[in-house]
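[1] quick one, structure for this:
(3 chains)
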Amino acid sequence: MIYQIDSIYRKLFSCFGPQHWWPAKSRFEVMVGAILTQNTNWSNVETAINNLRKKKLLDAGKLYRLPQRKLAPLIKSAGYYNIKAKRLKEFLRFLFKSYQGNLRKMSLVDTQLLRRQLLCVNGIGPETADSILLYALGKPVFVVDAYTKRIFSRHRLIREDVDYHELQDLCARNLTKDVKLFNEFHALLVKLGKDFCRKNKPRCDICPLR
DNA sequence: GACCAGGCACATC
DNA sequence: GATGTGCATGGT
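    You can find the predicted model right below:
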């Protein structure tokens, strides 16, 4: 199995090259994007983030002080905007209560402890927590998402109903524990997913993994 | 107009 | 513990 997962990575990298993830200008922007992109097309998230940028609100302190009812309309394009405004505020409350809004302080905490803390925040599930850990804080955590599951199950490497942590463990066990590798692999899986492995428009006949 | 997108929480059985 | 449902915009 080690050979298989590793060879998928090499194949994808040789096909698509580096993906330069996460597409954001700061660690805080990654965290905001991780929440906004839940079950949502990235281009809709970009519009919302650019909205916040224009208003100079891509700042932990400013967003922390901004009332939820004022935040919601600004992120409308990302969909589920009421629930996401609430989730962002929950996350900011955690960030300020536990780390005084200081991302450097947050990044010094033990990875597994921090992961458990993030999962306690209402609105942050495993994928969002892991995206924050890997892409914002540079921790070696493998991120699983809908594309990862779909690609691996269509290639008959896993059962269709595999659990998040089961798949995460499988990947982590079969790869070198390396931030750059985890970063690039997940980004490449999303790239492959978008281009060849969409839900009802699979282009499996021309999938480069075949 | 239907379907989909880089999830998650909560209700109900 | 499994299964279903609400949340919502913008692109194809």
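
[2] so what's the residue positioned nearest the centre of chain A up against?
    Taking C-alpha atoms, centre = their mean, the centroid of chain A lies closest to residue A:131, which sits 3.5 Å from it. Contacts for residue A:131 were tallied using C-beta atoms under 8 Å, 6 or more residues apart in numbering; they are A:22, A:30, A:34, A:143. Any C-beta I mention is one placed from the backbone N, CA and C, and that applies to glycine too.

[3] helix, strand or coil for it?
    helix (DSSP: H, G, I helix; E, B strand; the rest coil).

[4] any idea what sits nearest whichever residue of chain A sits closest to DNA strand C, other than its immediate chain neighbours?
    Using C-beta to the nearest atom of the strand, the closest approach of chain A to DNA strand C is made by residue A:79 at 2.5 Å. Ranked by C-beta to C-beta, 6 or more residues apart in numbering and with sequence neighbours excluded, the top spatial neighbour of residue A:79 is residue A:40, at 5.0 Å.

[5] the one you found reaches residue A:78, doesn't it?
    Yes: the pair residue A:40 / residue A:78 is scored as a contact, 5.6 Å apart, by C-beta atoms under 8 Å.

[6] that older thread, pick the one among the contacts of residue A:131 closest to residue A:188.
    Nearest to residue A:188 out of the contacts of residue A:131 is residue A:143 (C-beta to C-beta; 11.8 Å).

[7] what about that closest one, how many residues close to it?
    Around residue A:143 there are 26 other residues, counting by other C-beta atoms under 10 Å.

[8] and it, how far is that from DNA strand B?
    8 Å (C-beta to the nearest atom of the strand, to the nearest Å).

[9] and what about that residue, helix, strand or coil?
    Per three-state DSSP, residue A:143 ends up coil.
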